[in-house]
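Engineer: how would this look folded up:
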Amino acid sequence: MTNTYVLPESHWNVTFLDKTDADISYHESVCRLLDLLTVNISNAFRLTDVPIGKITNDPSRKFPIKVAGENAIILAASSGCYWGQYAFQYAHELCHYLVDSKWPPMRDEWFEEVICECSSRYWLNWLSESTFDPSFF
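Structural biologist: Below is the predicted model:
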């Protein structure tokens, strides 16, 4: 089953690839989380021209990835996982997305990886201190 949503504030297109029917309210709450992160990351870095892209969650993947040459991120979060897994993967891959959208590919890939790892840890910590509660929305 495929469930597709459009994030209300950032307008990113999110698709969940599930082998079985998933809880729609769970998908909607994950979308709220991704939207909250997208908006806060954009605001924190005063980004005004972030191109709208698409996010796909494919639980059968081994790892998340920013699709090279496309405005696309593929997450590898298992169905029903904790918010932290989505937050960590998304913040990390969004960092790759933002670095890739501004500059040509970096020769020092390890340096970009360190930056994106720091970003994911920062935003995971931010989420733990936030008042995010998906049932509140």
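Engineer: Which helix or which strand is home to the spatially most central residue of the chain?
Structural biologist: Residue closest to the average C-alpha location in the chain (Cα atoms, centre = their mean): residue 90, at 2.6 Å. Per DSSP states H and E, residue 90 falls inside helix 83-102.
Engineer: Tell me who's in contact with residue 123.
Structural biologist: 37, 40-41, 87-88, 91 (Cβ atoms under 8 Å, 6 or more residues apart in numbering). Where C-beta positions appear, they are placed from N, C-alpha and C, glycine not excepted.
Engineer: any idea which of these is closest to residue 62?
Structural biologist: Nearest to residue 62 among these, counting by Cβ to Cβ, is residue 88 at 15.4 Å.
Engineer: Check whether that closest one really touches residue 120, as I assumed.
Structural biologist: Yes - between residue 88 and residue 120 there is a contact under Cβ atoms under 8 Å: 4.8 Å.
Engineer: rewinding a little: contacts for the helix holding residue 90, please.
Structural biologist: Here helix 83-102 has contacts from 30, 33-34, 37-38, 41, 45, 47, 50-51, 53, 55, 57, 64-66, 68, 71, 73-78, 106, 112, 115-117, 119-124, 127-128, 132, 134, using Cβ under 8 Å, 6+ apart.
Engineer: Mind giving me the ChimeraX select for those residues, buried ones only?
Structural biologist: To isolate the buried subset of those in ChimeraX, counting by 16 or more other Cβ atoms under 10 Å, use the following:
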select :30,33,34,37,38,41,50,53,55,57,64,65,66,71,73,74,75,76,77,112,115,116,119,120,123,124,127,132
